[in-house]
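S.K.: Based on what follows, work out the 3D shape:
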Amino acid sequence: MPGEKTLNNWRKSLSVYKEPAAIRLFFLGFSSGVPLLLVFGTLSFWMRESGVDLKTIGFMSWVGLCWGFKWVWAPLVDRLRLPVLTRLLGRRRAWLFLSQIGLIGTLSAMAFTDPAQNLRQMALLALMTAFFGATQDIALDAFRIESGSPEQQAAFAATYQTGYRIAMIWSGAGALAIAAAAQDSALGAWTVSYLCMAVSMLVGLLTVLFSPNTETETMSSSRPKVGFAAWLYEAGVRPFTEFFQRFGVWAIVILLLIATYRISDVVMGVMANPFYQDMGFTKEEVAAVSKVFGVVMTLSGAIIGGVIASRIGVMKTLLIGAALSAVTNILFAMLALIGHDLGFLIFTVSADNLAGGLASAAFVAYLSGLTTSAYTATQYALFSSVMLLLPKFLAGFSGLLVEAVGYSAFFLGTACLGVPVVVLVLLAMRVLAQRQ
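M.R.: Got it, this is the predicted structure:
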């Protein structure tokens with residue numbers, strides 16, 4: 001019967017989440033999500049509590065540039081064989097293992113550093129933590145892409161993002177809760193908290209140790225040795241030239257799409273919390289809505305995005321995500337006109353996060369499909385860096401725009417930013433059709 005056939009097809013689409021690779025990526029996603037807030041929001045809270053001035057805290061946020069410039073050393077992660085570790089674990093797992101050991105070490109050292117007494121040491125340790133975190137992401141992105149077929153990438157992205165979001169809650173609210181509970185500890189509240197965060201990195205470490213090698217890693221171990229100049233060209237230049245050779249003039253369209261796909265959400269997101277406050281929502285209301293409804297809907301959107309992509313393809317899902325991400329910003333414009341309405345806030349945040357989760361799953365799958373197996377880590381690091389630069393730059397002017405035109409017009413403007421993105425997705429679909 002047609003209905004039974006459709007039901008079986010959907011069950012088949014959902015079955016990808018039961019595969020060992022998808023489950024492994026959930027735990028590796030958790031490992032990837034732990035370090036970020038520990039050098040940003042959580043560390044800022046600790047520093048401010050210790051009496052560090054706001055200007056210094058602001059400067060400390062620059063350690064996050066490690067994630068924006070990870071493409072600089074991605075060629076090394078892509079090509080450099082680590083002594084002993086590569087032979088025992090394979091290329092990707094060796095770098096994952098090394099970066100996770102580094103994170104355990106730096107987070108443990110941060111736990112025993114007082115930012116009020118040793119600010120420079122804390123800054124150095126935070127920078128090292130960010131470096132190891134970005135290195136882990138380089139190797140992990142490559143490992144994820146090489147763990148399955150292009151059709152599985154959306155589902156893999158969904159499970160990865162689920163683990164990542166849970167880790168963000170753990171390293172944010174969880175770290176603060178542990179510090180509060182350990183207030184009377186002989187070690188110190190933040191020492192206990194950061195040691196718990198360091199221990200939680202064992203989740204990723206054990207997952208790496210029990211994960212299989214990929215075929216790409218096995219093949220790479222048999223490559224003949226070459227001179228340093230040839231190696232440097234192959235590692236640092238060839239990944240970029242290969243991309244442009246493969247797509248020709250259409251590479252510009254693809255890079256424009258990558259640079260703008262999340263622009264509506266990123267530019268709008270900077271003003272979200274000030275907007276909530278100006279609308280009269282309390283911290284408790286905002287926390288409950290963003291942490292409960294927001295997180296649940298983001299995870300739901302990621303899973304739904306993975307399923308839809310497996311049914312209708314990544315590009316069509318990418319188009320749906322681009323349209324929804326722009327349209328949901330109109331809800332914020334409406335909320336600005338309505339004012340303090342908790343029910344409409346829940347609806348707006350839920351719809352926005354659902355669309356964001358769906359779009360993210362499709363976008364990660366699309367970026368994964370753009371890489372070639374010989375340069376997976378380097379090319380994905382380049383794409384993910386390009387993804388952040390323009391939106392983050394424009395977001396810096398969001399406060400000026402709100403002051404000039406008001407919240408409602410601002411949110412409508414961010415929705416309009418999504419229109420060129422839809423056009424670029426349609427052009428990218430044409431590129432794919434021509435290549436096929």
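S.K.: ok, and the closest non-adjacent residue to Ser99?
M.R.: In space, Ser99 comes closest to Gln136 once its chain neighbours are excluded; the distance is 3.9 Å by Cβ to Cβ, 6 or more residues apart in numbering. For the C-beta atoms, the positions are set from N, CA and C on the backbone; glycine is no exception.
S.K.: Any stretches of the stretch 101-250 of the chain with poor pLDDT?
M.R.: The stretch 101-250 of the chain contains residues with pLDDT under 70 at 214-228, 231-232, 234-236.
S.K.: Which parts of it are helices?
M.R.: Secondary structure of the stretch 101-250 of the chain (DSSP state H, counting those that start in this stretch): helices at 119-145, 153-169, 175-181, 189-200, 202-209, 215-220, 228-232, 238-247, 250-260.
S.K.: ranking those by burial, who's on top?
M.R.: helix 153-169 (a mean of 25; mean count of other Cβ atoms under 10 Å).
S.K.: And it, what does it pack against?
M.R.: Contact analysis of helix 153-169 by 3 or more Cβ pairs under 8 Å, 6 or more residues apart in numbering; DSSP states H and E lists helix 20-38, helix 119-145, helix 295-312, helix 314-338, helix 342-370 as its packing neighbours.
S.K.: how about the third one: buried residues?
M.R.: Residues of helix 295-312 classed as buried under the neighbour-count rule (16 or more other Cβ atoms under 10 Å) are 295, 297-310.
S.K.: ditto for the last one
M.R.: Applying a neighbour-count criterion of 16+ other Cβ under 10 Å, one finds 345-368, 370 buried in helix 342-370.
S.K.: and what of stretch 392-411?
M.R.: Leu394, Ala395, Ser398, Leu401, Val402, Tyr407, Ser408, Phe410, Phe411.
S.K.: Give me the contact list for that stretch.
M.R.: Contacts of stretch 392-411 from elsewhere in the structure, counted by Cβ atoms under 8 Å, 6 or more residues apart in numbering, are 68, 263, 266-271, 274-275, 278, 329-330, 332-334, 336-337, 413.
S.K.: of those residues, buried ones?
M.R.: 68, 263, 266-271, 275, 329-330, 332-333, 336, 413.
S.K.: Mind picking the two most distant members of those?
M.R.: Maximum pairwise distance in the buried ones among the contacts of stretch 392-411, criterion Cβ to Cβ, is 30.9 Å, between Gly68 and Ala336.
S.K.: Enumerate every residue touching the nearest residue to Gln100 once chain neighbours are set aside.
M.R.: Counting by Cβ to Cβ, 6+ apart, the nearest residue to Gln100 once its immediate chain neighbours are dropped is Leu205, at 4.7 Å. For Leu205, the contacting residues are Ser31, Phe97, Gln100, Ile101, Ile104, by Cβ under 8 Å, 6+ apart.
S.K.: Looking at those residues, spot the one nearest Val419.
M.R.: Within the contacts of Leu205, distances to Val419 taken as Cβ to Cβ reach their minimum at Ser31, with 37.4 Å.
S.K.: With adjacent residues omitted, what lies nearest to the closest one?
M.R.: For Ser31, ignoring the flanking residues on the chain, the nearest one in space by Cβ to Cβ, 6+ apart is Gly204 at 2.4 Å.
S.K.: I figured the one you found hits Leu96, correct?
M.R.: Yes: judged on Cβ atoms under 8 Å, Gly204 makes contact with Leu96 at a distance of 7.4 Å.
S.K.: Between these two, which contacts overlap?
M.R.: Overlap between the contact sets of Gly204 and Leu96, as judged by Cβ under 8 Å, 6+ apart, is given by Leu28, Gln136.
S.K.: returning to what we had before: you'd agree the residue nearest to Ser99 is up against Leu96?
M.R.: Yes: assessed by Cβ under 8 Å, Gln136 is found in contact with Leu96 at 6.3 Å.
S.K.: Find the residues that touch each one of those two.
M.R.: Taking Cβ under 8 Å, 6+ apart as the contact criterion, the residues that touch both Gln136 and Leu96 are Gly204.
S.K.: how about the residue nearest to Ser99, what does it touch?
M.R.: Shown here is Gln136, whose contacts under the criterion Cβ under 8 Å, 6+ apart are Ser31, Ser32, Pro35, Trp95, Leu96, Ser99, Gln100, Leu103, Gly204.
S.K.: who's in contact with Pro239?
M.R.: By Cβ under 8 Å, 6+ apart, the residues touching Pro239 are Pro75, Asp78, Ala374, Tyr375, Thr378, Gln379, Leu382.
S.K.: Hmm, the fifth one is touching Trp71, no?
M.R.: Yes: under the criterion of Cβ under 8 Å, Thr378 makes contact with Trp71 at 6.9 Å.
S.K.: between these two, which one's more packed in?
M.R.: Neighbours per residue (other Cβ atoms under 10 Å) separate Thr378 from Trp71, with Thr378 holding more: 29 against 21.
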